[in-house]
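> Kindly generate the corresponding structure for this input.
(chains A and B)
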There are 2 protein chains.
Amino acid sequence: MRITLIGSGNVATHLGAAFKNAGHQIVQVYSPNLQNAALLAYHIKAEAIDDLQQINPNTEAFIISVKDDVIEGIAQQLAAHDKLILHTSGSTDISVLLKYNVKAGVFYPLQTFSRTKELNFWNVPLCLEGANENIFKIITELAQTVSNNVYPVNSAQRRVLHLAAVFACNFPNYLYSIAQGLLADNHLEFDMLKPLILETADKVQQQLPAAVQTGPAVRNDETTMNRHLEMLQNQPMLQQIYQLLSQGIIKMDKGTNGKA
Amino acid sequence: MRITLIGSGNVATHLGAAFKNAGHQIVQVYSPNLQNAALLAYHIKAEAIDDLQQINPNTEAFIISVKDDVIEGIAQQLAAHDKLILHTSGSTDISVLLKYNVKAGVFYPLQTFSRTKELNFWNVPLCLEGANENIFKIITELAQTVSNNVYPVNSAQRRVLHLAAVFACNFPNYLYSIAQGLLADNHLEFDMLKPLILETADKVQQQLPAAVQTGPAVRNDETTMNRHLEMLQNQPMLQQIYQLLSQGIIKMDKGTNGKA
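The predicted model follows:
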């Protein structure tokens, strides 16, 4: 397939590499910053552009991977080309594209990407939505050339996935940073915690999180919780977080449905 | 080394298997519940007992892996044997053992264990403390037979590690369970989130968490955060957690020291 990437950030970089590896042709990479476009374009043998007027019409699909609030404006400008237009956003409804009467779809990779870290794209869950069955079929075939985890997901479900991803990724990462800060304050190496972080994530690959909850809160071990709160007495924000999450764990449903 | 395990829970089970594999002899396994003791003892070819009066004195070390508030009573009862006594607790001071004038040490594995999940013990960080240099040397040699990650850690540092582990393990697992519940409520498979959970943990193996923070809060994307809070309007506890952790991320120091 001939694909044009709109955007050159973390998502576009990983998507572009996966498409290129699968044998697709990346026609152009657009970014308002030509240097950013050129960096990605170089790696995937595409042309870099910084102006949507320079779009090469000899493409089959535009894939828009830009900040949510810029998607609509770009879709509007691309509509005249009458090609497939996909966005990759977790929290943007497909209707934002449909406003401009385009052949619209969503190609949302449910993963956290950093340009500096490689990952196996075959494992990335791709959540797909098409404006009609034909478009859905085309993007499903495209998705299956780069991932083994392809799911049909409508806009309402995608919003839930995006919210769940905040709880499963962004918030845990913040908690890791709190842990790292506590160690740094006490001249302890963050390396010591790394196997624990990895094992905690690995455990829930096979079992439901609620079934493997450990720690003082799930045992309702007040002595330990009070000692921890005392240790945090000069860090009221951390104290608040400790208290709220511990309350949540104490109240959580330990049944197998795992609902918090 | 001839070792007696006091306790037959998650920690004792994994420790016992690691010691056995390394060629040590497990003399006995004690649990107040004989069936639990027998289950572990069977796997590591030891004798099961449910009464501390039945202790075989032909051992070199007692390793106490029981609930924190029971450690002291057991240490007191074992003191008469005049052997090395170690506990494996993150939040119990070595002084609890020293009260009874025993050859005391701490052998704290900084990991989350489930009896039902195997793990590579060589990667488990072992945090060691000895009442004196000789004891420290003995337990360091013992630790090095089962793990490549052996650290000297005093009781004050161990308390910090234990607190940091709550933030790095127990709280993230609770957030996974919230995410799982949100998906279940919307008939979405938890499988979809598993690669994201694993990648989030994998990322911080190489980079500081604060340097790889993603999500709406770190971008201060109020539109998305407000939409998420609206989606949680019938779950005030989750709303509170979302708000507090997002505030923390907004205020966090994105510098490389990663302090929250």
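> Can you find the residue of the stretch 51-200 of chain A that comes nearest to chain B?
Distance from chain B to each residue of the stretch 51-200 of chain A (Cβ to the nearest Cβ) is smallest for A:N170, at 3.1 Å. Where C-beta positions appear, they are placed from N, C-alpha and C, glycine not excepted.
> The residue nearest to that residue when sequence neighbours are not counted: neighbour count?
Ranked by Cβ to Cβ, 6 or more residues apart in numbering or on different chains and with sequence neighbours excluded, the top spatial neighbour of A:N170 is B:G215, at 3.1 Å. In terms of burial, B:G215 registers 22 neighbours under the definition other Cβ atoms under 10 Å in any protein chain shown.
> My reading is that B:G215 is in a helix; is that accurate?
No: assessed by DSSP: H, G, I helix; E, B strand; the rest coil, B:G215 does not belong to a helix; its assignment is coil.
> thought it was touching A:V166?
Yes: assessed by Cβ atoms under 8 Å, B:G215 is found in contact with A:V166 at 5.5 Å.
> Quick check: the residue of the stretch 51-200 of chain A closest to chain B touching B:V212?
No: A:N170 lies out of contact with B:V212 (Cβ under 8 Å); the separation is 10.4 Å.
> tell me the contacts of the residue nearest to A:N170?
Counting by Cβ atoms under 8 Å, 6 or more residues apart in numbering or on different chains, B:G215 touches A:A165, A:V166, A:C169, A:N170, A:F171, B:I249.
> picking up where we left off before, and the residue of the stretch 51-200 of chain A closest to chain B, what does it touch?
Residues in contact with A:N170 (Cβ under 8 Å, 6+ apart) are B:Q213, B:T214, B:G215, B:P216, B:A217, B:V218, B:I249.
> Among those residues, which pair sits farthest apart?
B:Q213 and B:P216 (11.1 Å; Cβ to Cβ).
> So for those two, which residue has more residues nearby?
For B:Q213 against B:P216, the residue with the higher neighbour count under other Cβ under 10 Å is B:P216, and the figures read 24 against 21.
> Apart from its chain neighbours, what residue comes closest to that one?
According to Cβ to Cβ, 6+ apart, the nearest residue to B:P216 is B:T224 (4.0 Å).
> Packing partners of the helix or strand harbouring the one you found?
Using DSSP states H and E, B:T224 maps to helix B:222-231. Counting by 3 or more Cβ pairs under 8 Å, 6 or more residues apart in numbering or on different chains; DSSP states H and E, the packing neighbours recorded for helix B:222-231 are helix A:68-78, helix A:155-165, helix B:236-251.
> Export the ones you listed as a markdown table, with columns for mean pLDDT and mean neighbour count.
Output for those, formatted as a markdown table (pLDDT from 0 to 100; neighbours: other Cβ atoms under 10 Å in any protein chain shown):
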| stretch | mean pLDDT | mean neighbour count |
| --- | --- | --- |
| helix A:68-78 | 95 | 16 |
| helix A:155-165 | 96 | 21 |
| helix B:236-251 | 97 | 18 |
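> who touches the closest residue to A:N154 other than its chain neighbours in this structure?
With sequence-adjacent residues excluded and distances taken as Cβ to Cβ, 6+ apart, A:N154 is closest to A:E129, at 5.7 Å. Residues touching A:E129, when contacts are defined by Cβ under 8 Å, 6+ apart, comprise A:I94, A:G105, A:V106, A:Y108, A:F136, A:P152, A:V153, A:N154, A:S155, A:R158.
> ok, now A:L229?
Taking Cβ under 8 Å, 6+ apart, we find A:L229 in contact with A:Q239, A:Y242, A:Q243.
> What distance do you get for the first one to A:M225?
Using Cβ to Cβ, to the nearest Å, one obtains 11 Å as the distance from A:Q239 to A:M225.
> same thing with A:N149?
A:N149 is 39 Å from A:M225, by Cβ to Cβ.
> now do A:K251
Look at A:K251 and A:M225: by Cβ to Cβ, they are 14 Å apart.
> Same question for A:V96.
According to Cβ to Cβ, A:V96 stands 45 Å off from A:M225.
> contacting residues for the residue located most distally from the centre of chain A?
With distances taken from the mean C-alpha point of chain A and given as Cα atoms, centre = their mean, the most distant residue is A:T223, at 38.6 Å. For A:T223, the contact set (Cβ under 8 Å, 6+ apart) comprises B:D68, B:D69.
> how close does it get to A:L208?
Distance, A:T223 to A:L208, by Cβ to Cβ: 28 Å.
> residue contacts, A:V27?
A:V27 makes contact with A:R2, A:I3, A:T4, A:A46, A:E47, A:N56, A:N58, A:T59, according to Cβ under 8 Å, 6+ apart.
> any idea whether it is helix, strand or coil?
Secondary structure state of A:V27, per three-state DSSP, is strand.
> pLDDT at it, what is it?
At A:V27, the model reports a pLDDT of 98.
> all helices for the stretch 1-150 of chain A, in order.
Chain-ordered helices for the stretch 1-150 of chain A, with DSSP state H, counting those that start in this stretch as the definition, fall at A:10-21, A:34-43, A:68-78, A:95-98, A:133-144.
> The first one to helix A:34-43, inter-axis angle?
On the basis of axes from the mean of the first three to the mean of the last three Cα atoms, to 10 degrees, helix A:10-21 is oriented at 30 degrees to helix A:34-43.
> export helix A:10-21 as PDB, just CAs?
Listed next in PDB are the C-alpha coordinates belonging to helix A:10-21 (Å, rounded to 0.1, in the frame of the first residue of the first chain):
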ATOM      1  CA  ASN A  10       6.400   8.700  18.600                       C
ATOM      2  CA  VAL A  11       3.400   7.000  17.000                       C
ATOM      3  CA  ALA A  12       4.300   8.000  13.400                       C
ATOM      4  CA  THR A  13       7.900   6.800  13.900                       C
ATOM      5  CA  HIS A  14       6.900   3.300  15.100                       C
ATOM      6  CA  LEU A  15       4.000   3.000  12.600                       C
ATOM      7  CA  GLY A  16       6.200   4.100   9.700                       C
ATOM      8  CA  ALA A  17       9.000   1.600  10.600                       C
ATOM      9  CA  ALA A  18       6.400  -1.200  10.900                       C
ATOM     10  CA  PHE A  19       4.800  -0.400   7.500                       C
ATOM     11  CA  LYS A  20       8.100  -0.100   5.800                       C
ATOM     12  CA  ASN A  21       9.300  -3.400   7.200                       C
END
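> What is that helix packed up against?
For helix A:10-21, the contact count by 3+ Cβ pairs under 8 Å, 6+ apart identifies strand A:2-6, strand A:25-30, helix A:34-43, strand A:103-109 as packing neighbours.
> Appreciated, that's everything.
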